[in-house]
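Student: I'll drop the sequence and a predicted model, then ask my questions.
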Amino acid sequence: MTKIEEKGKVYLVGAGPGDVAYLTVKAYNLLDAAQVLVYDALVDAQLLQCVPPDCLKLDVGKRGGKPSTTQVEINKLLVKYCQQGKQIVRLKSGDPLIFGRCTSEIEALKASGCDFELIPGISSALAAPLFAGIPLTDPVLSRCFAVLTAHEPEVLDWEALSRLETLVILMGGQHLPEIVQQLVQHGRSHLTPIAIIRWAGTPRQQIWTAQLGNILAQTTGLSLSPAVIVVGEVVGLHKYLQPEKIDYQDSTTAQTPMLNNLFASSEPLTGKTILVTRSVGQSSTFSDRLMKLGATVIEMPTLEIGPPSSWEALDDAIAHLSQFDWLILTSSNGIDYFFERLIAQGKDTRALAGVKIAVVGEKTANSLKQYSLQADFIPPNFVADSLIENFPEELNGKKVLFPRVESGGREVLVKELTLKGAKVIEVAAYQSCCPNSVPPAAELAIQNRKVNVITFASSKTVQFFYQLTEKILSQSSDVSQLLEGVCIASIGPQTSKTCHDLFGRVDVEAQEYTLDGLTQALVTWAINS
């Protein structure tokens, strides 16, 4: 029987202005099913996490003034994987047909008989002015607008462009002096308002406004790429169309000679890129919280959780639960695997009648509530030391069951409980190990020194992050050098100790040893830094 080969297809997809929230639904669904992702440098790192774990990700650069894969090579890649029967997403920032250089790729695909489809995206030419509160049309001030690229300013008809009411200029950051010169030379007043919107629609967004006559003096030495430039009287309307929460300072009226970031946002983590280390498959609640505070978040799974090498010890303990006085649970993973085995033995929570339960932290207590159980004891500080110091009854002669990670668990807790006279039965409930690889988005951010903060919520995530990072190092550097200037943030003392052991420092430690406490610590750090 002849095997029917699957037909490949290339989707030329617009990524929008950057944030995953501005993707079209179709674009998101295509990323979710992609087998090969071919993406440009300006594509936001968050979008790289929308593809399946086994998707092949190919960074082809395409950033002005930087080394990048040639267009010929990109064309060959698309044809190659399409002919292999793959579903390929060619991801471009903005819209694929607005200065997206798609013509060459489409011609190559058609010449090779490859199937393709165009998926629109929100162009930065439209989105950036909107984010800045600048309308491109107005019944009085702007009855038309033109979108142009200043990639090659010498080929543009500046005489014609200067007569238009509103101009939206892409790829113009490096050519701002020539843009201003050409516009003034061809009749635009030096008092004409101008706005520069950098990293539009992301937490790094910056907006500057001025006039053609003074914008150069106020932006000297500043990086203006990637940016959208708007020229025209409509720029002045931003004062009236901005959300009330934003403190917008207009540089045309400011007395300072320096042009500051004009978005004094109420989001305190704006402009910070935070690498969140976590377990594989763990909820992104913490990341979501940081993004709502303005941060750009890149998630890096540094911990894989699985069953222990043997269930024998845990199963035996469950079979004799009535003999125990206390059950101590120190993690959500321990809770989940404990109850999984309880149910596997044909038991339910009634088997815990007469057994008191102690947990470490509100998060663990909340996980316990998922099984309709209330913890009998939660220490005031969410660490093991506090559990021992504040234990509600004498432990002498008490039998304690402690389901824990198979290796590298809380030896101090067991030692202190034993010293107080308790008989502690430790059983392996789950195992933690290091993932095999680093997600491309995280690897790129670390290597290119784009990360401002790295968060750690356990000692194991610190240890495995260190192992994973060593794999991506060049021979001439070490982990400490790679993290120079990066804020290392820890959830509590035990995690901080591991950070000190491996990195030699901790910059931020939560006062309350929870993710909420870590969030608050990061906000305080950002405000004071």
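Tutor: Structure received. Numbering: from 1, shown residues only.
Student: which stretches of the stretch 301-450 of the chain have low pLDDT?
Tutor: Residues of the stretch 301-450 of the chain meeting the criterion pLDDT under 70: 381-385, 408-410.
Student: which residue ranges form the strands in it?
Tutor: All strands of the stretch 301-450 of the chain, identified by DSSP state E, counting those that start in this stretch, fall at 326-329, 356-359, 399-405, 423-433.
Student: Which helix or strand contains residue 274?
Tutor: Assigned by DSSP states H and E, residue 274 belongs to strand 273-279.
Student: Adjacent strands (with direction) for that strand?
Tutor: Partners of strand 273-279 in the sheet, by DSSP bridges, are strand 296-306 (parallel), strand 453-456 (parallel).
Student: next structured bit after the shortest one?
Tutor: Taking DSSP H and E as the definition, the helix or strand that follows strand 453-456 towards the C-terminus is helix 459-471.
Student: Need the CA coordinates for stretch 144-152. PDB is fine.
Tutor: Output in PDB follows, covering the C-alpha atoms of stretch 144-152 (Å, rounded to 0.1, in the frame of the first residue of the first chain):
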ATOM      1  CA  CYS A 144      -5.200  61.700   5.400                       C
ATOM      2  CA  PHE A 145      -2.000  60.100   6.500                       C
ATOM      3  CA  ALA A 146       0.900  58.300   4.700                       C
ATOM      4  CA  VAL A 147       2.900  55.400   6.000                       C
ATOM      5  CA  LEU A 148       6.500  55.200   4.800                       C
ATOM      6  CA  THR A 149       9.800  53.500   5.600                       C
ATOM      7  CA  ALA A 150      12.900  55.600   6.100                       C
ATOM      8  CA  HIS A 151      15.100  52.600   5.600                       C
ATOM      9  CA  GLU A 152      16.400  54.400   2.400                       C
END
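Student: Please identify the deepest-packed of the strands of the stretch 301-450 of the chain.
Tutor: A comparison of the strands of the stretch 301-450 of the chain by mean neighbour count, using mean count of other C-beta atoms under 10 Å, puts strand 326-329 on top with a mean of 24. C-beta here means a position set from N, CA and C on the backbone, and glycine is covered the same way.
Student: In terms of secondary structure, what does it contact?
Tutor: The elements that strand 326-329 packs onto, with contact taken as 3 or more C-beta pairs under 8 Å, 6 or more residues apart in numbering; DSSP states H and E, are strand 356-359, strand 399-405.
Student: Compare those and give me the one nearest residue 53.
Tutor: strand 399-405 (23.6 Å; C-beta to C-beta).
Student: Excluding chain neighbours, what is closest to residue 110?
Tutor: Excluding the flanking residues, the one nearest residue 110 by C-beta to C-beta, 6 or more residues apart in numbering is residue 116, at 7.9 Å.
Student: how near is the one you found to residue 26?
Tutor: With distances taken as C-beta to C-beta, to the nearest Å, residue 116 is found 15 Å from residue 26.
Student: Who has more neighbours out of these two?
Tutor: Counted by other C-beta atoms under 10 Å, residue 116 and residue 26 do not tie: residue 116 has more neighbours, with 19 against 13.
Student: Spell out the secondary structure type for that one.
Tutor: Per DSSP: H, G, I helix; E, B strand; the rest coil, the local secondary structure of residue 116 is strand.
Student: wait, doesn't it sit right on residue 109?
Tutor: Yes: using C-beta atoms under 8 Å, residue 116 is in contact with residue 109, at 4.8 Å.
Student: Show me whatever sits in contact with both of those two.
Tutor: The overlap between the contact sets of residue 116 and residue 109 (C-beta atoms under 8 Å, 6 or more residues apart in numbering) consists of 10, 82.
Student: Tell me which of the strands paired with strand 273-279 is the most buried.
Tutor: strand 453-456 (a mean of 26).
Student: contacting residues around it?
Tutor: Defining contact as C-beta under 8 Å, 6+ apart, one finds that strand 453-456 is touched by 272-277, 286, 295, 462, 465, 483, 486-491, 495, 498-499, 508, 518, 522, 525.
Student: can you pull the alpha-carbon coordinates of it into PDB?
Tutor: The C-alpha coordinates for strand 453-456 follow below in PDB (Å, rounded to 0.1, in the frame of the first residue of the first chain):
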ATOM      1  CA  VAL A 453      15.800  40.000  37.000                       C
ATOM      2  CA  ILE A 454      15.800  36.300  37.600                       C
ATOM      3  CA  THR A 455      13.300  34.900  40.200                       C
ATOM      4  CA  PHE A 456      13.800  31.700  42.200                       C
END
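Student: from the chain's centre, how far out does it sit?
Tutor: 12 Å (C-alpha atoms, centre = their mean, to the nearest Å).
Student: picking up where we left off before, so which of the helices and strands packed on strand 326-329 is nearest residue 82?
Tutor: strand 399-405 (45.3 Å).
Student: Direction included, what does the closest one pair up with?
Tutor: Applying DSSP bridges, one finds strand 399-405 paired with strand 326-329 (parallel), strand 423-433 (parallel).
Student: got the contact list for the first one?
Tutor: Okay, so that is strand 326-329. Identification of contacts with strand 326-329 by C-beta under 8 Å, 6+ apart yields 321, 335, 338, 352, 355-360, 364, 368, 387, 398-403, 413, 417, 422.
Student: show me the contacts for the nearest residue to residue 352 once chain neighbours are set aside.
Tutor: Ranked by C-beta to C-beta, 6+ apart and with sequence neighbours excluded, the top spatial neighbour of residue 352 is residue 321, at 6.4 Å. Listed by C-beta under 8 Å, 6+ apart, the contact set of residue 321 reads 327, 351-352, 355, 401.
Student: try 10 Å this time
Tutor: Each residue near residue 321 by C-beta atoms under 10 Å, 6 or more residues apart in numbering is listed here: 327, 342, 345, 347, 351-355, 401.
Student: Output the residues you listed in CSV; the columns should cover distance to residue 78.
Tutor: Shown next, in CSV, are the contacts of residue 321 (distance: C-beta to C-beta, whole Å):
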residue, distance to residue 78
327, 57
342, 52
345, 54
347, 56
351, 59
352, 59
353, 64
354, 66
355, 61
401, 58
